[in-house]
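Asks: can't give you the sequence, but here's the structure:
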């Protein structure tokens, strides 16, 4: 006998399947009249976003009665109430919550069609939308510079977000591609390795360790480490490495960004373990020193993720070509 959890999951999948069919079937009635259109979905999403019919009307430059009528028509078409009436702010019903997810995908797909048509002009115009976290952007900067020089008419938008959120944003067509340091679990996505990197120890130029090419992890017990306050698998691996070798990891300072960590190290306030690609420029210009730790080998790969089986937008395909040539 199936567990209650499994039964609930199957029911959820069935509801989603039926809802997708409704979105396909319900746009037309028996006489061919349109019952559901993207304009109504746009109104619905604005009300859901603002939590208010009146604020949605202001944002869309329409009257509140017109917004209410549009929502009522949409609810009549679907045969389901989408909002809990009388609540402040306006809340979605279960059907409304489900519609919101698919409505966003449909509208994003509409934008994707528009973008694709624009790109037919040979990348003279268009847009490239990328998702990165604070470290993975360093892997893309040289390629982005070449892309900009070759296609100055293309608008490049780089969105900073948590790595865990990037695959979902790519799947929902909010991003063309994303750069992350792991292979995503989603089978609908494919990952292409673009950079091989690793974690390294960096120290200020006047630090005693700067005179050494290699140190033992036990030699770092008395050092002040400038840490990254954001949780990540690599942060946990560093902590586990020190624990495994029974070495003290003294981390009294935790910074919100890698840039602030680098700056603090340059100021002589401590040492740090960071991705090499994030400090390559500073090392090459002699602003800080990389020191090898004998027991530390932490390779770190950066992948460009895209939708599996889908044609890459022209701008994203061009960026991929440049990355492969580097």
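Replies: Noted; the coordinates are in hand. The structure displayed is predicted, hence computed values, not measured ones.
Asks: so who does the nearest residue to residue 93 once chain neighbours are set aside touch?
Replies: Spatial nearest neighbour of residue 93, chain neighbours left out: residue 81 (5.3 Å); criterion: CB to CB, 6 or more residues apart in numbering. Every C-beta, even on glycine, is put in place using the N, C-alpha and C of the backbone. Applying CB atoms under 8 Å, 6 or more residues apart in numbering, we find residue 81 in contact with 75, 93, 95, 96.
Asks: at 10 Å instead, please
Replies: Applying CB atoms under 10 Å, 6 or more residues apart in numbering, we find residue 81 in contact with 71, 72, 75, 92, 93, 94, 95, 96.
Asks: Run a quick check on the last one versus residue 85, I expect a contact.
Replies: No: taking CB atoms under 10 Å as the definition, residue 96 is not a contact partner of residue 85, at 11.5 Å.
Asks: picking that back up, JSON lines for the contacts of residue 81, including distance to residue 127 and neighbour count?
Replies: Formatted as JSON lines, the entries for the contacts of residue 81 read as follows, by distance: CB to CB, whole Å; neighbours: other CB atoms under 10 Å:
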{"residue": "71", "distance to residue 127": "31", "neighbour count": "21"}
{"residue": "72", "distance to residue 127": "35", "neighbour count": "12"}
{"residue": "75", "distance to residue 127": "34", "neighbour count": "19"}
{"residue": "92", "distance to residue 127": "30", "neighbour count": "19"}
{"residue": "93", "distance to residue 127": "35", "neighbour count": "15"}
{"residue": "94", "distance to residue 127": "35", "neighbour count": "11"}
{"residue": "95", "distance to residue 127": "33", "neighbour count": "17"}
{"residue": "96", "distance to residue 127": "30", "neighbour count": "23"}
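Asks: Restricted to strands, list these.
Replies: Of the positions in these, residue 92 sit in strands, assigned by DSSP state E.
Asks: now, among the contacts of residue 81, which is nearest to residue 142?
Replies: Proximity to residue 142 was ranked across the contacts of residue 81 by CB to CB; first place goes to residue 92, at 44.1 Å.
Asks: what about the closest one, distance to residue 75?
Replies: 12 Å (CB to CB, to the nearest Å).
Asks: and the next element down the chain from the helix or strand bottoming out on mean pLDDT in the chain?
Replies: Lowest on mean pLDDT, DSSP states H and E among the helices and strands of the chain sits helix 4-25, with a mean of 47. Taking DSSP states H and E as the definition, the helix or strand that follows helix 4-25 towards the C-terminus is helix 38-50.
Asks: on contacts alone, who are the packing partners of that following helix?
Replies: Under the contact criterion of 3 or more CB pairs under 10 Å, 6 or more residues apart in numbering; DSSP states H and E, helix 38-50 touches helix 53-60, helix 64-78, strand 83-84, strand 91-92, helix 94-119.
Asks: Good, wrapping up.
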